[in-house]
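Engineer: Okay, predicted coordinates and the sequence, questions at the end:
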Amino acid sequence: MTSSLNPFPGQVYVVGGAVRDALLGRDHGDRDWVVVGATPQQMIDAGFLPVGRDFPVFLHPQTHEEYALARTERKTAPGYLGFVVHAAPEVTLEEDLLRRDLTINAMAQAADGTLIDPYGGQRDLQARVLRHVSDAFVEDPVRILRLARFAARFGDFSVAPETMALMRSMVQAGEVDALVPERVWQELARGLMEPQPQRLFAVLRDCGALSRLIPELDRLWGVPQRADYHPEIDTGVHVMLVLQAAVALDAPLAVRWACLMHDLGKGVSPSQPPSPSGGGVVTPSPLAGRVGVGMLPRHIGHEQRSVALAAAVARRLRVPTDCAELAAVVAAEHGNIHRCLGLGAQATLRLLQRCDALRRPERFAQVLLACEADHRGRGGDFPQRPYPQRARLLAALEAAQRVDAGAIAQRVTQSGGKPAAIAQAVQAAREQAVARVLTPTAQS
């Protein structure tokens, strides 16, 4: 790969994820390279293009892969930006690997295939353990998020007890509070798209970071729900099951974020026992002592509380607009969507309009996907039960979209009708179209 460069400066090694994934037999994407024994000028003279602002990183002129000079780092301030980087020809490969986060990411491979593993990364791969390389781990709070993300990617890996203790000490020292919102969101978004995103939040809860980053989510654990609707009872457990269901549905990031945010209001709901008309048996909650109630609460009105809390999280973490908007719609309307089988044409059309489904049908399809994940993310036999609400509302939306509003407007205008009459006529035509596709069980 590098033979066309003459002379090539220093000794070159593949490092990090590419080495790890090759040992695991996994496909890997771009390779990262470390160059030992070279200066920035030597790299430039060899044809490399400098791109690094904070430390010397170069692009290979043919492959465009990144080559970084071996470097060390020294902590100078709180957070993850307070570092002084030292890159020089005398920095060894072992010194460069020592600054990395986890042992499984601190391995290198030479051009002849020799594995360089000074900190036991291969051993920890075999033992399925996520372990920090050195106490320098505490200097960068982003590493907490990265480790949690790796836990979501490698579902059968555990966190070394000493590493978990280190992360707890970092949280207690306030290091997590120094993280900038954009970096938090970046790691959360990547973690949500891993095969087991619920493990990301399990690790963050275990070390205490979740209560600092998203306290609105953290407080859901220990909040009980009605067992007839939620056999899993615990609201935090439910949200993680919903997230798992979203993965099974191959949901995109915006849907997974909406699943995470949809029930935040239950964490601040006034606790109320179900009324006799609510259905089901009033069951004492095994979690009741943790929230000061004697029966399972109904969480009346939690939807609007969830909307407000999800919006607050989105502002704080600077969540992208598409994710924030979808979360708001799902939080507000998931209960109505679940109950839509009993709605008539008029109420169904109003539901579609509140979701802005006629104008944004693609987003509404994502709303329904999140609601199906919410339905399946429960205990008992709920994951196996069908979810006809999704097909019903999509059929209703298609029927409403087929109404030719332009033709109606022209007809009403020609007969002397005013704009208000046009709106009424279009609404009536859409209601009739929706009524024709609804099942006979719905009452208008």
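Structural biologist: Received, thanks.
Engineer: Contact partners for the closest residue to Asp135 other than its chain neighbours?
Structural biologist: Excluding the flanking residues, the one nearest Asp135 by Cβ to Cβ, 6 or more residues apart in numbering is Leu166, at 7.4 Å. Heads up, the C-betas are built off the backbone N, CA and C, glycines and all. The contact partners of Leu166, taken as Cβ atoms under 8 Å, 6 or more residues apart in numbering, are His132, Asp135, Phe137, Val138.
Engineer: Which one of the residues you listed sits in the busiest neighbourhood?
Structural biologist: If you count neighbours using other Cβ atoms under 10 Å, the busiest of these is His132, which has 23 neighbours.
Engineer: Next, find the distance separating it from Leu97.
Structural biologist: As for His132, its distance to Leu97 is 13 Å (criterion: Cβ to Cβ, to the nearest Å).
Engineer: Also Asp27?
Structural biologist: 23 Å.
Engineer: for Val57, same thing?
Structural biologist: 17 Å.
Engineer: circling back: which one's more surrounded, Asp27 and Leu97?
Structural biologist: Per other Cβ under 10 Å, whichever of Asp27 and Leu97 has more neighbours is Leu97, with 25 against 7.
Engineer: Convert the helix or strand that contains that one to CSV, retaining C-alpha atoms only.
Structural biologist: Per DSSP states H and E: Leu97 is located in helix 93-98. C-alpha atoms of helix 93-98 as CSV (Å, rounded to 0.1, in the frame of the first residue of the first chain):
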residue,chain,number,x,y,z
LEU,A,93,4.5,2.6,19.5
GLU,A,94,3.9,1.4,23.1
GLU,A,95,3.7,4.9,24.3
ASP,A,96,1.1,5.7,21.6
LEU,A,97,-1.0,2.7,22.4
LEU,A,98,-0.8,3.4,26.2
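Engineer: Mind listing what's buried along it?
Structural biologist: Leu93, Asp96, Leu97, Leu98 (16 or more other Cβ atoms under 10 Å).
Engineer: Check the contact between the third one and Gln109; I expect there is one.
Structural biologist: No - assessed by Cβ atoms under 8 Å, Leu97 is found out of contact with Gln109, at 11.7 Å.
Engineer: Pull up the overlap in contacts between the two.
Structural biologist: Val15, Ile116.
Engineer: which residues touch Leu326?
Structural biologist: Ala254, Val255, Trp257, Ala258, Arg363, Gln366, Val367, Ala370.
Engineer: give me the element it is part of.
Structural biologist: Assigned by DSSP H and E, Leu326 falls in helix 321-338.
Engineer: After that helix, which helix or strand is next?
Structural biologist: Assignment by DSSP H and E places the next element after helix 321-338 at helix 345-354.
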